[in-house]
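1. Sequence first, predicted coordinates after that:
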There are 4 protein chains.
Amino acid sequence: MRELGVALIGTKFMGKAHANAYRQAQAFFSLPVTPKLVVACGTNAQETQEFAAHFGFRRTTTVWEEAVWAEDVALVDISAPNDLHAPIALAAARAGKAVFCEKPLARNLAEAQGMLRAVREAGVPHMICFNYRFFPAMQLAKRLIADGALGEIHHVHVLYLQDWGLTPGLPLTWRFQKERAGSGALGDTAVHIVDLARFLVGEITEVTGLLATFVRERPFPNGPGKGRVDVDDAAAFLARFQSGATGVFETSRVALGRKNFMHLEVNGSQGSLFWNAEDPNWLWFYSREDPPHQRGFRRILVTEEVHPYAKSWWPTGHILGYEHTFVHAVVELLQALGEGRNPEPSFVDGVKAQAVLEAVLLSGESRRWERVPT
Amino acid sequence: MRELGVALIGTKFMGKAHANAYRQAQAFFSLPVTPKLVVACGTNAQETQEFAAHFGFRRTTTVWEEAVWAEDVALVDISAPNDLHAPIALAAARAGKAVFCEKPLARNLAEAQGMLRAVREAGVPHMICFNYRFFPAMQLAKRLIADGALGEIHHVHVLYLQDWGLTPGLPLTWRFQKERAGSGALGDTAVHIVDLARFLVGEITEVTGLLATFVRERPFPNGPGKGRVDVDDAAAFLARFQSGATGVFETSRVALGRKNFMHLEVNGSQGSLFWNAEDPNWLWFYSREDPPHQRGFRRILVTEEVHPYAKSWWPTGHILGYEHTFVHAVVELLQALGEGRNPEPSFVDGVKAQAVLEAVLLSGESRRWERVPT
Amino acid sequence: MRELGVALIGTKFMGKAHANAYRQAQAFFSLPVTPKLVVACGTNAQETQEFAAHFGFRRTTTVWEEAVWAEDVALVDISAPNDLHAPIALAAARAGKAVFCEKPLARNLAEAQGMLRAVREAGVPHMICFNYRFFPAMQLAKRLIADGALGEIHHVHVLYLQDWGLTPGLPLTWRFQKERAGSGALGDTAVHIVDLARFLVGEITEVTGLLATFVRERPFPNGPGKGRVDVDDAAAFLARFQSGATGVFETSRVALGRKNFMHLEVNGSQGSLFWNAEDPNWLWFYSREDPPHQRGFRRILVTEEVHPYAKSWWPTGHILGYEHTFVHAVVELLQALGEGRNPEPSFVDGVKAQAVLEAVLLSGESRRWERVPT
Amino acid sequence: MRELGVALIGTKFMGKAHANAYRQAQAFFSLPVTPKLVVACGTNAQETQEFAAHFGFRRTTTVWEEAVWAEDVALVDISAPNDLHAPIALAAARAGKAVFCEKPLARNLAEAQGMLRAVREAGVPHMICFNYRFFPAMQLAKRLIADGALGEIHHVHVLYLQDWGLTPGLPLTWRFQKERAGSGALGDTAVHIVDLARFLVGEITEVTGLLATFVRERPFPNGPGKGRVDVDDAAAFLARFQSGATGVFETSRVALGRKNFMHLEVNGSQGSLFWNAEDPNWLWFYSREDPPHQRGFRRILVTEEVHPYAKSWWPTGHILGYEHTFVHAVVELLQALGEGRNPEPSFVDGVKAQAVLEAVLLSGESRRWERVPT
């Protein structure tokens, strides 16, 4: 079986999720390609070594270029802050490596387009880690919609609410700096719901939005004093889909009591569905085909043998967690590489989601509806 | 249209629920018989007059015999404490009046049987107010089971939990005295779930149970000091149904945090359903006939035009409350009287439920399974 | 006790809800003023007589002017279609009668302002029936916010979804005609959530919105053929509150599977709450004051003695329905009249809600943010 | 760091869960002892090799004795069918190896007691895999009860319902044979809820129960025809706890629509809690200490930094799955071994749970309450 050397750049939240994904994909799935955890790259040498020891990476570095150009590396996994996505991806493309990049693809549309151009010109495989697509419930939702079980789609609404932005004393990390993150909640969390909406219902053509910042100063991470937050804590926008459906989207980091609350709902002429990322094993589905006196949203526990990915894990009713989405994403990545096709979602999807964010940002300034650039 | 003079005996919780029911039945339903609120009877003259003024009774009394024997009274409604059920029902039967009696029918089986005998011998119509049957969701459940949508029934479980018994300073009312109430939670709340189980799944043949009292003394209502509670705060029992199904029943007045929590579940070979009295407008139904990847409990909002009683009230989605069950019970009562048939549930159902309670009490002492007397 | 003659104009959904409210208010509450159901007015004489018989109106008419000017009428209740609100209210004001008007106050802002001017100039009491304020859970929400339990408000989001617009064969009633209704879902359902948001969080200063129509033709009610729907099936808008909070609002009549789904959520710096009109007896409340390991949304069953209105109804855990909101509204109306103050919400609230709708409509055309006229 | 050679016996559902647990414990936790996956033992050589390749075992065998006695093995993990628990545990004890055994400890009480005697005499560490204790929510429940947040416990009720027994064509595996499994749902699933109840509320002193079998014949796994099922599909029992609390327990494999539904509820004088294994990241907690108008069950998402195990995984709101319980159990095992203490729960807990099951079985025959042997 073919082996694939992996360089993982980033060892925090996402780095951990990706490292785990390679290991679990191999343990639970039959893959055409075996990932070899070659090198882990982080900013702090000692922490990176500990990380590598836990997850079984052979070596570590604090210099990402070294990881990218290493001969035994065939796949570059970008789990670093947003401002590093483009430089690493461009280098990886130049080095002829496959690239697996965390979302958002970049800090802005131009940067994202540059990355897509680079991987295309280099002819390297590229994937963006929109992991929420890989919840079994979202795969089932996709199937139901593709099967016509919802009919013509009227409405999409997604509220994606978190409250970690209200943690007392939370420092001014890169996530609160426009220079490094591109935007705040918009690029961090709204990008997920834009992708899910595109995945399920298709392209968004125009938007009108607002952005809001509630906590305007945060303490510097290393040293005294406070610095200014120049990104959004929250964003909301209305959308029109190509298909005629309407969209309502909202995200926040300061919605107290909501932890990873993503209520996604799609209403169609024949059926509707909704789902929440805090209860991700359940898909709720309503069908007009049920007898009138028996109609109601069915609460489907998406862990049956007939459900996506379920057979590889546990018997029915034994639920999966958040991290499994990354495992499934890696399975898609490795299967695609094994089959010689580009994985999905690709940088194309990364660019398209970024285009929607860009239109929202623009609309926030122009105070008008804006077309999503294509 | 025929008028029917009503004497209502009891003006507390149940008296209020019944008084309201007559008024609302007439306002919202087309009835063959019009109830005329003739006389309200309570223990306190002034309070009874206020009650009568609120609900539109023509006169009041504090002597129930007077109410029963009044010439302009054709229906005696017994909403008084349990120890008065039998004497009033017997008098009403002697007086040739129809009888509508709150649950439990009596303090014990012998008393209940005597009441049934009396109404039968007198040939008067009789109904027991098992109001929970009259939630639209319970009527729909009955229909689904009757239609075979659940197949062969395997299990029935009902937890009926309340916590009012933990209210600080709650006095030693009649509900805590065996002499007046017959039993505690068993006769007060378990009787509802026994009736619902019989309504949906049929007869119970044997039981084994336990009774427990946690608050052993309570303050006297009128005067200093405390008296002994000699009834159960909680009861639980296992049951076998004639059909082969198993039953698990539990009730309590001291289950903190549960207000009127009645989780009723029925599992069959082809379908299952569950329901909760704290969310009574929703019926959850699971069907094996759904496509495998779409199976899940449907949360049916039982307010559609096709649902029981719904058309008489509001458009879909506008929910009904607790009191509506009494209205529906009165509709059944008046329709039956109009059609010249005995209403359902009748004293026969009251006796059968009482027989189950009696077997539970006996089992609590014998510490063995006991047959339900027939 | 003072009596108050009531003329009820309109005998359909809202007429029924109002008629019931007067009766139930008197039965369950102690009121300083007793409503006397004097005259019911509808378009069909026979149906109106049946309606009157059910609810106990002394007489009927099909001419609303007659009802308004009748000497024994002191309160004019406008439960008729939207295009009649203004003419009836103006007549009632001229006749010196108190006015209780269904929402929306009018078909548009100018009309609503005219109504406010009329009742003010005439010096008659005026109330608008924003009945959703009168759910006990909404009153409790108001109290929690007023007590500071939520801190500074960051976000308000309300999705109000129904699906009756998808009923096969649904005729082109007045609700689908701009001339008679003013707007579609916007005026019919969005107006409720605008009012609730104002009630809880204060004034909205600007909005940007979209309107959409999915079913463009519907059969004529009386006769062959189909006519054009010229109002919205769905509307959504973003909002800024005076306080700095953001708002996201959406409503639809074509959201399949949603019956009377109104998810209202308010997130603040110290607490959050949410609520749904399909489960209206429950208020969910999250408090940062709870110990960190015990924090979570509390599901409060708003039926305790300490809760708004609860003592007048049933013991804890016995839930109220949709219609109770109208009863509570009527209680406020009659108490205010008894106390010689104007009831709340008044036509002022009706105008302010209408101003928000007007800005949404304008924004739907201008495709920009629009100020809410003041 | 010390290494510990692991022999895993059993490669099906539980073998997979255990294999995964060793790997994940090492990846996500800081452990005093490193598990080395030395040998995997299964009945089918090829399947065992595939299993070993997936999870990284160095070698395989089909002879469990070989695995137990191997010099490089220090821990024997028994994930084999119930009838092998005792022989393997006895051999492991003789060989001086630590033992980690799946539940139920044995097929019956005598066998379980023999196992406890063996490990005690050999002085080897022993642990039983009651993995449900290791859901963070159950650990939090334990803490709340230990802190007195529930006061005096009145009631425990646990319904543990599954429906895999209704799968069409399900063969007569060892789980349906008394000779191999000891009992049916009782030993398979009831044992979990007995342990959880003991963990949270303490010892059970007496029980009365029923057992029921609905599917009496099943197809032979290898060959034509059907064989008789001689174990229970469902079991239910009432219990008394030493503390005076009452218990109601039910389990089934034929409760259609329920997948891994374990509703566990504990009601006390000061607080209550409930939890469901199908939504295991949420603990519901009700406290009498909340202000009266704010009381309700809090839905706590047990993923905060302050919650058990959470810091080792993901940021708040990112949920864990079923398999994580095994990881946490292994963490306890390895930490105890590192600290030189016996892990918990131990074979003592295995024996005590088995004693309860034994009393239930006996009661099923005697049809009386039975004391739990001590």
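-> Alright, I've got the coordinates.
2. Surely A:Glu358 forms part of a strand?
-> No - counting by DSSP: H, G, I helix; E, B strand; the rest coil, A:Glu358 is not found in a strand; it is helix.
3. where does chain A come near chain D, residue by residue?
-> Within reach of chain D by C-beta under 8 Å from any C-beta of the partner chain, chain A has these residues: A:13, A:16-17, A:19-20, A:23, A:26-28, A:54-56, A:162, A:164, A:258-261, A:277-281, A:301, A:303, A:313-324. C-beta coordinates here come from the backbone N, C-alpha and C atoms, glycine included.
4. restrict those residues to contacts with chain B.
-> Applying C-beta under 8 Å from any C-beta to the residues of chain A next to chain D, those adjacent to chain B are A:Leu301.
5. Nearest residue to the residue nearest to the spatial centre of chain A in space, please, no chain neighbours.
-> Compute the mean C-alpha point of chain A, and by C-alpha atoms, centre = their mean the closest residue is A:Phe130, 2.8 Å away. In space, A:Phe130 comes closest to A:Asp195 once its chain neighbours are excluded; the distance is 4.3 Å by C-beta to C-beta, 6 or more residues apart in numbering or on different chains.
6. which residues touch that neighbour?
-> A:Asp195 makes contact with A:103, A:130, A:132-133, A:345, A:349, A:353, according to C-beta atoms under 8 Å, 6 or more residues apart in numbering or on different chains.
7. Format the residues you listed as TSV; extra columns: pLDDT, secondary structure and distance to D:Val201.
-> Output for the contacts of A:Asp195, formatted as TSV (pLDDT from 0 to 100; DSSP: H, G, I helix; E, B strand; the rest coil; distance: C-beta to C-beta, whole Å):
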residue	pLDDT	secondary structure	distance to D:Val201
A:Lys103	97	coil	46
A:Phe130	98	coil	45
A:Tyr132	98	helix	39
A:Arg133	98	helix	43
A:Pro345	98	coil	49
A:Asp349	98	helix	51
A:Ala353	98	helix	50
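8. ok, A:Asn267 - contacts?
-> A:150, A:153-156, C:161, C:163, C:252, C:254-258.
9. got those as a markdown table, with neighbour count, secondary structure and pLDDT columns?
-> A markdown table is the format used below for those (neighbours: other C-beta atoms under 10 Å in any protein chain shown; DSSP: H, G, I helix; E, B strand; the rest coil; pLDDT from 0 to 100):
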| residue | neighbour count | secondary structure | pLDDT |
| --- | --- | --- | --- |
| A:Leu150 | 26 | coil | 98 |
| A:Ile153 | 23 | strand | 98 |
| A:His154 | 27 | strand | 98 |
| A:His155 | 28 | strand | 98 |
| A:Val156 | 26 | strand | 98 |
| C:Leu161 | 29 | strand | 98 |
| C:Asp163 | 23 | coil | 98 |
| C:Ser252 | 31 | strand | 98 |
| C:Val254 | 23 | coil | 98 |
| C:Ala255 | 29 | coil | 98 |
| C:Leu256 | 26 | coil | 98 |
| C:Gly257 | 25 | coil | 98 |
| C:Arg258 | 27 | coil | 98 |
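10. and the two most separated of those?
-> Pairwise distances across the contacts of A:Asn267 (C-beta to C-beta) peak at 15.7 Å, for the pair A:Val156 and C:Asp163.
11. is it true that the residue nearest to A:Phe130 lies in a helix?
-> Yes - counting by three-state DSSP, A:Asp195 is located in a helix.
12. For A:Leu4, see how far away the residue nearest to the centre of chain A is.
-> Look at A:Phe130 and A:Leu4: by C-beta to C-beta, to the nearest Å, they are 21 Å apart.
13. re earlier: pretty sure the residue nearest to the centre of chain A contacts A:Pro345?
-> Yes - using C-beta atoms under 8 Å, A:Phe130 is in contact with A:Pro345, at 5.0 Å.
14. Overlap of the contact sets of these two?
-> Residues touching both A:Phe130 and A:Pro345 (C-beta under 8 Å, 6+ apart): A:195, A:199.
15. what does the helix or strand hosting A:Met127 contact?
-> Taking DSSP states H and E as the definition, A:Met127 sits inside strand A:126-129. Residues from elsewhere that reach strand A:126-129 (C-beta under 8 Å, 6+ apart): A:14, A:18, A:89, A:98-103, A:105, A:116, A:119, A:326, A:329, A:332-333, A:336, A:342-347, A:349-350.
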